[in-house]
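Q: test case, fold it:
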Amino acid sequence: MSSPDRRTVLRGLALAAAATTVSLPVFAPTSASAAADEIAASAGGAQPLRQMRGMWIASVANINWPSRTGLSADQQKAEYLAWLDLAQARKLNSVFVQVRPTADAFWPSPYEPWSQYLTGVQGQNPGYDPLAFVVEETHKRGLAFHAWFNPYRVSMQADPAKLHPDHPGSKHPDWIVAYGGKLYYNPGMPEVRAFVQDAMMDAVTRYDIDGLHFDDYFYPVNTPDFDDSAAYARYGGGFPDLATWRRNNVDLLVREMQQRVRRAKPEIAWGISPSGIWRNKATDPLGSETSGGQSYDNLHADTRGWVKKGWLDYIAPQLYWYIGQSNADYAKLVPWWSDVAAGTGTQLWIGQAAYKAGAAGQPAEWFQPGELTRHLTLNRDHPQVGGDIWYNSGDVRDDRLGSISTAVTDHYTRPALAPLLPRLAKGRAPLRPLLVRAQRVNGGVELNIRAAGRDVPFQYAIFRLDRSAGPEDFTDARHLVAVVPAGRDVRWVDSAGTRGTYYYVTAVDRPGRQSPPSFGRRVR
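A: You can find the predicted model right below:
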């Protein structure tokens, strides 16, 4: 993949061309029901116009980025740009980047120190603002940026003395619980819950992110060995047991985060990627036909309840099991989660285990090159599934057995816009862009697209047909040939364009709302 300034989208060129203007029926911006129709259409041959195609970029323990400590700012930047190259090569539209891995920060936070995973030394300035850089560069590519936070993990080691002197855990040692060789903030203390929200909301309010994202870490385990007994004695009155009190603490975090995000930035997405089993059916008749670890009981995370109560914009359960696995069958969990999400307004995206495909020590089923592509094929039978997030970016890059490239070839044959949250669908859509010219050039057809009005949208969605279009054609990705970063003037070349082809363009804003299409142009 070439660098951004060498891509086919070039700005600021005026083109002289002969083209015919084509009239177009009135087209309404995509609504929540239309978005559902787009997904459902995929089962009948049409491809969904909107689909989450994301990957996680993990920073904790330098899993993905930065790949190691001690890299210069320029080296860190180059590594991140390479991850964006990968996202584009795999036809993804979103990245989920871990920016607060252990109660530290990838930005100059007034609440917590610089992350040790940047320089190797907690509190040491890396010489630039990594969060500002990654958000800006991600948006330059026309990709959505979801900021991934871990709310309660403080350190991957258990000695509080090794925290930076200015770390909140050093200043408030009563906030810290040591367990399992790690340090955690105590979720049962109201002042801790308020603090971690403040620390995360600092990034939300100061940076132009598209989403706030939690993974599956809340309480680390269901055991009194996680010593929160003092907090329970102080705050647990009225609860029948320790587990119920802990679960309420996590509920409060989730509900309060939703309220704060909606107040501060109502147009960004708020969601969680929990472990994939809420409860087993043997434990609870509402549970799934599984026999694995239960997030409700083990992590005190009532993931099903959050969806049913409308506290999330999306949920992305980590369904890290193969089809037919005895204790946790992917083919049973997808319909279970689809049923949970149905009718709630909460989007359902699936966390996919790219890290297991072809990895040493995994069962034989994970050495079948087609296992992951079969997951996406199964998803098609469940219209509630709106896409996938791959863990992690390193495994998306390594592509062991060709499992990722197979899934991309089979399922990402067309571009896809990122999902549009139903609650935002009725907002003000961008203005209809101008398709100024469409002309034949050596190597295809060259389009000149111009923004209407003063505001420049986030993306342009380019449609190509062999006939004049109707409104239904703009909900079918079979006609979508490209989604490109927008600008005041953009030139784009379609190498597959020919004489007689019709082109249309829609403008897309950051939440994903689509404008009416441009007037069409037929290439002479």
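
Q: which helix runs longest in the chain?
A: Longest helix in the chain, counting residues (DSSP state H): helix 242-264.

Q: average pLDDT for that helix?
A: In this model, helix 242-264 has an average pLDDT of 98.

Q: who does that helix touch, helix- and strand-wise?
A: helix 190-206, strand 211-214, helix 229-235, strand 269-272, helix 303-308 (3 or more C-beta pairs under 8 Å, 6 or more residues apart in numbering; DSSP states H and E). For the C-beta atoms, the positions are set from N, CA and C on the backbone; glycine is no exception.

Q: which parts of the second one are buried?
A: Pointing back at strand 211-214 there. 211-214 (16 or more other C-beta atoms under 10 Å).

Q: next one: the first one
A: Of the residues in helix 190-206, those with enough neighbours to count as buried (16+ other C-beta under 10 Å) are 192-193, 195-197, 199-204.

Q: just give me the neighbour total for residue 110.
A: 9 (other C-beta atoms under 10 Å).

Q: cool, and the one 5 residues further on?
A: The number of residues packed around residue 115, counting by other C-beta under 10 Å, is 28.

Q: between the buried residues of helix 190-206, which is nearest residue 128?
A: For the buried residues of helix 190-206, the residue nearest residue 128 by C-beta to C-beta is residue 203; the value is 15.8 Å.

Q: was I right to think the closest one contacts residue 98?
A: No: counting by C-beta atoms under 8 Å, residue 203 sits too far from residue 98 to count as a contact (11.9 Å).

Q: now the common contact residues for these two.
A: residue 149 (C-beta atoms under 8 Å, 6 or more residues apart in numbering).

Q: what are the structural domain limits within this structure?
A: 4-32+429-523, 49-155+187-423 (automatic domain parsing).

Q: ok, which stretches of the chain are helices?
A: 32-41, 73-89, 116-119, 130-140, 168-171, 190-206, 229-235, 242-264, 295-298, 303-308, 330-341, 371-379, 393-398, 403-411.

Q: quick one: those as JSON lines, columns for distance to residue 109 too.
A: Output for these, formatted as JSON lines (distance: least, C-beta to C-beta, whole Å):
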{"stretch": "helix 32-41", "distance to residue 109": "35"}
{"stretch": "helix 73-89", "distance to residue 109": "18"}
{"stretch": "helix 116-119", "distance to residue 109": "12"}
{"stretch": "helix 130-140", "distance to residue 109": "9"}
{"stretch": "helix 168-171", "distance to residue 109": "11"}
{"stretch": "helix 190-206", "distance to residue 109": "6"}
{"stretch": "helix 229-235", "distance to residue 109": "25"}
{"stretch": "helix 242-264", "distance to residue 109": "16"}
{"stretch": "helix 295-298", "distance to residue 109": "29"}
{"stretch": "helix 303-308", "distance to residue 109": "27"}
{"stretch": "helix 330-341", "distance to residue 109": "34"}
{"stretch": "helix 371-379", "distance to residue 109": "37"}
{"stretch": "helix 393-398", "distance to residue 109": "24"}
{"stretch": "helix 403-411", "distance to residue 109": "34"}
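
Q: coming back round to it: in CSV, list the helices and strands packed on helix 242-264 along with mean pLDDT.
A: Converted to CSV, these look like this (pLDDT from 0 to 100):
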stretch, mean pLDDT
helix 190-206, 98
strand 211-214, 98
helix 229-235, 98
strand 269-272, 98
helix 303-308, 98
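
Q: how about a markdown table for these, with distance to residue 474 added?
A: Formatted as a markdown table, these follow (distance: least, C-beta to C-beta, whole Å):
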| stretch | distance to residue 474 |
| --- | --- |
| helix 190-206 | 32 |
| strand 211-214 | 25 |
| helix 229-235 | 53 |
| strand 269-272 | 23 |
| helix 303-308 | 30 |
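
Q: so which of the ones you listed is nearest residue 164?
A: helix 190-206 (14.3 Å).

Q: and that closest one, what does it pack against?
A: strand 94-100, strand 144-149, strand 182-185, helix 242-264.

Q: in a markdown table: these, plus mean neighbour count and distance to residue 285.
A: A markdown table is the format used below for the helices and strands packed on helix 190-206 (neighbours: other C-beta atoms under 10 Å; distance: least, C-beta to C-beta, whole Å):
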| stretch | mean neighbour count | distance to residue 285 |
| --- | --- | --- |
| strand 94-100 | 26 | 33 |
| strand 144-149 | 24 | 34 |
| strand 182-185 | 22 | 33 |
| helix 242-264 | 18 | 19 |
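
Q: with respect to residue 220, which of the ones you listed lies nearest?
A: strand 182-185 (6.3 Å).

Q: give me the sheet partners of the closest one and which way each runs.
A: Sheet partners assigned to strand 182-185 using DSSP bridges are listed as strand 153-155 (antiparallel), strand 176-179 (antiparallel).

Q: rounded mean pLDDT for the longest one, please.
A: It refers to strand 176-179. The model assigns strand 176-179 a mean pLDDT of 97.

Q: kindly report the same for the first one.
A: Strand 153-155 shows a mean pLDDT of 97.

Q: pretty sure residue 456 is touching residue 485, no?
A: No: counting by C-beta under 8 Å, residue 456 does not reach residue 485; the two are 9.9 Å apart.

Q: ok, back up a step: which of the helices of the chain sits closest to residue 62?
A: helix 116-119 (5.4 Å).

Q: by contact count, what packs against the closest one?
A: Checking 3+ C-beta pairs under 8 Å, 6+ apart, helix 116-119 ends up next to no helix or strand.

Q: the bottom helix or strand of the chain by mean pLDDT?
A: Least confident helix or strand, the chain: strand 10-11 with a mean of 32, by mean pLDDT, DSSP states H and E.

Q: tell me who's in contact with the nearest residue to residue 486 once chain neighbours are set aside.
A: Of all residues not flanking residue 486 in the chain, residue 457 sits nearest, at 4.5 Å (C-beta to C-beta, 6 or more residues apart in numbering). By C-beta under 8 Å, 6+ apart, the contact list for residue 457 reads 430, 433, 451, 486, 507-509, 515.

Q: rebuild the buried residues of helix 190-206 as TSV, extending it with distance to residue 155.
A: Putting the buried residues of helix 190-206 into TSV (distance: C-beta to C-beta, whole Å) gives the following:
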residue	distance to residue 155
192	15
193	19
195	16
196	14
197	20
199	15
200	17
201	22
202	20
203	20
204	23
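
Q: which residues sit in contact with the closest residue to residue 327 other than its chain neighbours?
A: The shortest distance from residue 327 to any non-neighbouring residue, by C-beta to C-beta, 6+ apart, is to residue 291 (4.6 Å). Residue 291 makes contact with 280, 282, 326-328 under the criterion C-beta under 8 Å, 6+ apart.
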